[in-house]
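S.K.: Next one to model:
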Amino acid sequence: MAGGGGGGGGGGWAELYGPCAGMVLVQWFYALVDMALKAAYGMGMRPIVFIAYRQGIAAAALLLASLAARGWDLRPHMAVGARAFALLFAASLACATGQYFYFQGLQLASPSMARATTNLAPGITFAIAAVIGLEKVDLRSSRSWAKIAGTVVCLAGAIAMAFFKGPKLLSGLPFAAAAADDDWVKGGIYLIGTAFCVSMWYILQVPVCRSYLDPLSLATWMSFLATLQCAVMAFFLESNYLEIWKLASVWELPCILYAGVFASGANFFLQSWCISVKGPLYSAIFTPLSAVITTVLSTIFLHEELHIGSILGATAIIIGLYVVLWGKAEDVKSERLTMQSNNSKMILEPECTGVKFECGTSLSAPLLSKNTNDNTCTC
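M.R.: Sure thing, here's the model as predicted:
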């Protein structure tokens, strides 16, 4: 019987601090890729082309990592059934579409706005999960009201960022290009669409990780499928399909390599691993960090103009995010107390021989554990 999970002795640094260090690294990779993207856009690269190259390089890097870790026989690790492939395909499509929306929004609006709106994902994830039945909403519970209120505040903050710029808080240098108001609004709409795609990716990670528990192989498959999906999307989105794949400048290559190896390959692996160990809720807690890093970097290096509306909207999104996360964390505590109570009742029952019950994995529960039977409690 899995006890309190408190962790006596074993595990070491990687188990205790690895997920935290991994998620901090993920946020730095995301912040820095925005700088690389802005540089690539300045050289004329199309967003869908950037994503296709990025995912292709990520897939190649992850495949090499798999070969180095496991030798030449990858069949036991990379083989997937029809259900797992369908889930991987859907998750990859959500990822590829979300990246396209994100890069379009980044191009039309600003890096700080783009990164801030990623914090919408947990609130929207809760809303979608509630609609499809993965989340229970009890209007008599303060936890449910916290998640509802946090989602509303997040969306209000995103709308404020998209439609209300307000006066400048910090001005960029004289040569800094400011986005036109109509482009700013379009960019905001794209970025809100990104949050919906990321939310779908989070939700799909739960069944994906249940049926396919190897983070490295999972990340390899998702990058490979996203590459193919982007190539197909480019055929419909771009008129001169053959010409768009040519690099206009040698400086585009390092931008693509960084985005592919670190912002896609390493991040896919780190996020999948952290979600499998700690659950999606844990990974979502770190998302505001990339917004702070991106705002600082874009103000210093890209001379981005900061507006009151952007600051207020970003602040509202982050407050709403943590309200949602608080509600979800309280849900987890309540579920654990209920489960412990059920366990103790079943242990005290004199006729309980060989009784088995499924604990169920919530959106915030770890998907991997030390014991393979942690999701099935017996007495």
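S.K.: How about the residue most central in space within the chain, nearest residue that isn't a chain neighbour?
M.R.: Centre of the chain computed as the mean C-alpha position; nearest residue by Cα atoms, centre = their mean is residue 198, 5.7 Å away. Closest residue to residue 198 apart from its sequence neighbours, by Cβ to Cβ, 6 or more residues apart in numbering: residue 121 at 4.2 Å. Backbone N, C-alpha and C define where each C-beta goes, glycine included.
S.K.: Going by neighbour count, which residues of the helix or strand that the one you found is a member of are buried?
M.R.: Secondary structure assignment for residue 121, by DSSP states H and E: helix 121-132. Along helix 121-132, these residues count as buried under the neighbour rule (16 or more other Cβ atoms under 10 Å): 121, 122, 123, 124, 125, 126, 127, 128, 129, 130.
S.K.: same check, this time on stretch 135-151
M.R.: Result for stretch 135-151 [16+ other Cβ under 10 Å]: buried residues 135, 143, 144, 146, 147, 148, 149, 150, 151.
S.K.: Kindly report the same for stretch 255-262.
M.R.: Within stretch 255-262, the residues scored as buried using 16+ other Cβ under 10 Å are 255, 256, 258, 259, 260, 261, 262.
S.K.: Figure out how far that stretch is from the centre of its chain.
M.R.: A distance of 17 Å separates the centroid of the chain from that of stretch 255-262, by Cα atoms, centre = their mean, to the nearest Å.
S.K.: Please apply the same query to stretch 301-311.
M.R.: Relative to the chain's own centre, stretch 301-311 is displaced by 24 Å; criterion: Cα atoms, centre = their mean.
S.K.: list the buried ones in it?
M.R.: By neighbour count on 16+ other Cβ under 10 Å, the buried set for stretch 301-311 is 302, 304, 305, 306, 307, 309, 310, 311.
S.K.: now, which of those residues lie within strands?
M.R.: The strands, defined by DSSP state E, take in 306, 307 from the buried residues of stretch 301-311.
S.K.: Output the contacting helices and strands for the strand or helix carrying residue 268.
M.R.: Assigned by DSSP H and E, residue 268 belongs to helix 267-278. Using 3 or more Cβ pairs under 8 Å, 6 or more residues apart in numbering; DSSP states H and E, the elements in contact with helix 267-278 are helix 12-42, helix 47-70, helix 181-211, helix 215-237, helix 280-285.
S.K.: before we move on, the earlier item: test my guess that the residue nearest to residue 198 contacts residue 202.
M.R.: Yes: between residue 121 and residue 202 a contact is recorded at 6.5 Å, counting by Cβ atoms under 8 Å.
S.K.: tell me, what's touching the two both at once?
M.R.: Counting by Cβ atoms under 8 Å, 6 or more residues apart in numbering, the residues touching both residue 121 and residue 202 are residue 284.
S.K.: Could you export the buried residues of stretch 135-151 as JSON lines, including pLDDT and secondary structure?
M.R.: What follows is the buried residues of stretch 135-151, written out as JSON lines (pLDDT from 0 to 100; DSSP: H, G, I helix; E, B strand; the rest coil):
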{"residue": "135", "pLDDT": "76", "secondary structure": "coil"}
{"residue": "143", "pLDDT": "85", "secondary structure": "helix"}
{"residue": "144", "pLDDT": "86", "secondary structure": "helix"}
{"residue": "146", "pLDDT": "88", "secondary structure": "helix"}
{"residue": "147", "pLDDT": "86", "secondary structure": "helix"}
{"residue": "148", "pLDDT": "89", "secondary structure": "helix"}
{"residue": "149", "pLDDT": "90", "secondary structure": "helix"}
{"residue": "150", "pLDDT": "87", "secondary structure": "helix"}
{"residue": "151", "pLDDT": "86", "secondary structure": "helix"}
